[in-house]
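Student: this one's structure only:
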């Protein structure tokens, strides 16, 4: 699915509403989504603005022509699926050193399916895509997950709220003994055999015993006590690199 189409569906927008949002007519939007047309610098700017990316007005004035593709990015119309198994995330070059990294998104309704198919390349390719703004090409495997529940809500700015989307960098299992840097990374996405997909802090680790202690931010410890997990029961680990709150709109 084209990333702009995924964004439209995720935010309950009609095609006309999305076209109005990025200030193009509906016909041009259809050509972009179908790959029949590239995107100009002006449309690139409006896409950044529509997705709520951090931009400076002066950048728009400086960019008067279509950005040249780089070795580390692909224009929207140049992205083709399926991607190769375990390939790097595709990028959209927005110009001025800004890129959108497109990451498979596991929404609430897809949690159960992901637990059974997380290693299935075709399944992952069919997931909608979540876009985050980055300033360089990041290597490795990334996934985005919609947050459920209030276990990470403590009423402060560090809270991760229900409905937020967390993007994580995959930590390969053979690195769990050497690169599970809990002192450097605050939050982790844990794909667990029994608990499902959870976002927690790793409070303590005992690699020799194969145990991690997870902690919620919610101060209600009766509901969210610290808990020991066996690493043998963990399917995947992702260090959280981005937390975003998607724009919610009701379709007309």
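Tutor: Perfect, I can see it now. Please read all numbers here as calculations on a predicted model, not as lab measurements.
Student: contacting residues for residue 210?
Tutor: With contact taken as CB atoms under 8 Å, 6 or more residues apart in numbering, residue 210 is in contact with 230, 231, 232. Placement of C-beta: from N, CA and C, glycine included.
Student: mind putting those in JSON lines, neighbour count and distance to residue 183 included?
Tutor: Written out in JSON lines, the entries for the contacts of residue 210 read as follows (neighbours: other CB atoms under 10 Å; distance: CB to CB, whole Å):
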{"residue": "230", "neighbour count": "13", "distance to residue 183": "21"}
{"residue": "231", "neighbour count": "17", "distance to residue 183": "18"}
{"residue": "232", "neighbour count": "8", "distance to residue 183": "23"}
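Student: what are the ranges of the strands in the stretch 1-150 of the chain?
Tutor: For the stretch 1-150 of the chain, the strands identified by DSSP state E, counting those that start in this stretch occupy 91-95, 98-106, 129-134, 142-146, in order along the chain.
Student: which stretch among the ones you listed comes nearest residue 7?
Tutor: Each of the strands of the stretch 1-150 of the chain was scored for nearness to residue 7 using CB to CB, and the closest is strand 129-134 (6.9 Å).
Student: what is that closest one packed up against?
Tutor: In this structure, strand 129-134 packs against helix 3-10, strand 98-106, strand 165-170, strand 234-244, with contacts taken as 3 or more CB pairs under 8 Å, 6 or more residues apart in numbering; DSSP states H and E.
Student: any idea how far residue 237 is from residue 189?
Tutor: Residue 189 sits at a distance of 7 Å from residue 237 (criterion: CB to CB, to the nearest Å).
Student: quick revisit: relative to residue 154, which of the helices and strands packed on strand 129-134 is closest?
Tutor: The minimum distance between residue 154 and those falls on strand 234-244, with 14.2 Å, by CB to CB.
Student: quick one: mean pLDDT over the closest one.
Tutor: For strand 234-244, the per-residue pLDDT values average out at 94.
Student: and the contacts of it?
Tutor: 115, 118, 130, 132, 142-143, 160, 164-171, 173, 176, 180-181, 185-193, 199, 212.
Student: stretch 178-196: which residues count as buried?
Tutor: Counting neighbours by 16 or more other CB atoms under 10 Å, one finds that the buried residues in stretch 178-196 are 180, 185, 187, 188, 189, 190, 191, 192.
Student: for the stretch 101-250 of the chain, what spans make up the helices?
Tutor: Here the stretch 101-250 of the chain has its helices, by DSSP state H, counting those that start in this stretch, at 111-117, 121-125.
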